[in-house]
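>>> Please find the sequence and the predicted model below.
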Amino acid sequence: MSATVDPKVFFANERTFLKWLHTSVTLGSVATGLLGVSGAFGNAGSFAPVRVVGILLLVLAIAFCVHAL
């Protein structure tokens, strides 16, 4: 006897995975933008607060990707 599985339930894992990846891509884009702006307005060697926030968001985006896997 085979039980039919509702497609909404069957693809729930895929939807959740795609949501996590969407979140990580969004955070990564914001982080890349912040890192790009931080290099444009200061000298390249400075460790400005914007650069710190950009690096932290990039690490968070990578952590979301790992968590999604």
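Now that the structure is in, tell me what you want to look at.
>>> name the element Leu58 belongs to?
Per DSSP states H and E: Leu58 is located in helix 49-68.
>>> buried set for that helix?
Applying a neighbour-count criterion of 16 or more other C-beta atoms under 10 Å, the buried positions in helix 49-68 are 50-51, 54, 57-58, 61, 64. In short, each C-beta sits where N, CA and C put it, glycine included.
>>> averaged over its residues, what pLDDT does that helix have?
Average pLDDT, helix 49-68: 90.
>>> quick one: contacts of it?
Residues outside helix 49-68 that contact it (C-beta atoms under 8 Å, 6 or more residues apart in numbering): 17, 20-21, 23-25, 27-28, 30-35, 37-39.
>>> out of these, which are inside helices?
Among the contacts of helix 49-68, the members falling in helices (DSSP state H) are 17, 20-21, 23-25, 27-28, 30-35, 37-39.
>>> can you pull the contacts of Ala31?
Going by C-beta under 8 Å, 6+ apart, Ala31 touches 54-58, 60-61.
>>> One more pass at 10 Å, please.
53-62 (C-beta atoms under 10 Å, 6 or more residues apart in numbering).
>>> For PyMOL, write a command that selects the buried ones of the ones in helices among the contacts of helix 49-68.
A single PyMOL command is used to select the members of these judged buried by 16+ other C-beta under 10 Å:
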select buried, resi 20+23+24+27+28+31+34+35+38
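>>> and the contacts of Ala31 as a markdown table, adding distance to Asn13?
Compiled in a markdown table, the contacts of Ala31 are given as follows (distance: C-beta to C-beta, whole Å):
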| residue | distance to Asn13 |
| --- | --- |
| Val53 | 32 |
| Gly54 | 31 |
| Ile55 | 31 |
| Leu56 | 29 |
| Leu57 | 26 |
| Leu58 | 26 |
| Val59 | 25 |
| Leu60 | 23 |
| Ala61 | 21 |
| Ile62 | 21 |
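>>> and which of those is nearest to Val9?
Among those, Ala61 lies closest to Val9 (C-beta to C-beta), at 29.0 Å.
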